[in-house]
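**Q** What follows is a predicted structure for the sequence shown.
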Amino acid sequence: MADRALGKLYRAFVKSRMAEENTLFLDAVAKRFDPKKLYPKFIDPKATSTINVAYPDRKEAMDLAEANDFKNTKWKTLMQSFCDQIESLLDKNFLESFWKYKPFLNHHRAQAERKMKGDPRKAAELLGISDTGTMKSLMVAHAVGDQKEFKTMTAKLAAVPELKKKKVKSSMITKMLLKAKLI
């Protein structure tokens, strides 16, 4: 992963789901392609960190290892197949729940805060309110595409006495902020 912090979070998440061998294998292959070292650790059915891959591929690797044929060019194809299988397994079994993982959401929000279009103080000033905390939450929710949180924050701002007195609705807040290019 290009974002080191995100990669670290993902590895911790996979580890918490008792599937750490998968990321360890991918990291090991990416670091140094050496079937002689990778086989006993990840592919051998007796390995402590055995990866879950298709039996025909594992069988071919077992046959090559049994023959002590670690220089065979078939290893490259097998390792690529193992990587593809592991990546597919991770995507299928873990990716969707990773997006809901609290540390990921916190990381994502922190990234969004750094990339926010506008300044919450300016946005609050535009609306004539002093609640910059709620404004910041609204702007971050918009930046990360969290529609539920965005609606909650616009409703909360619309209920602020200064805006309630002016009969400002949630939709008006959104339009004003968009027009001012603050979100």
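**A** Happy to help now that I have it.
**Q** which helices and strands does whatever helix or strand Leu38 lives in pack with?
**A** Assigned by DSSP states H and E, Leu38 belongs to helix 35-38. Packed against helix 35-38, as judged by 3 or more Cβ pairs under 8 Å, 6 or more residues apart in numbering; DSSP states H and E, are the following elements: helix 20-31, helix 55-66, helix 74-90. Where C-beta positions appear, they are placed from N, C-alpha and C, glycine not excepted.
**Q** residue contacts, the closest residue in space to Lys115 that isn't next to it in sequence?
**A** Leaving aside its sequence neighbours, Lys115 sits nearest to Ala143 (Cβ to Cβ, 6 or more residues apart in numbering; 6.4 Å). For Ala143, the contacting residues are Ala112, Glu113, Lys115, Met116, Lys117, Ile183, by Cβ atoms under 8 Å, 6 or more residues apart in numbering.
**Q** Tell me where this structure is predicted with low confidence.
**A** 1-2 (pLDDT under 70).
**Q** Dihedrals phi and psi, the most far-flung residue of the chain relative to its centre?
**A** Most distant residue from the mean C-alpha position of the chain: Lys165, 41.8 Å away (Cα atoms, centre = their mean). Dihedral pair for Lys165: phi -60, psi -40, per degrees, to the nearest 10.
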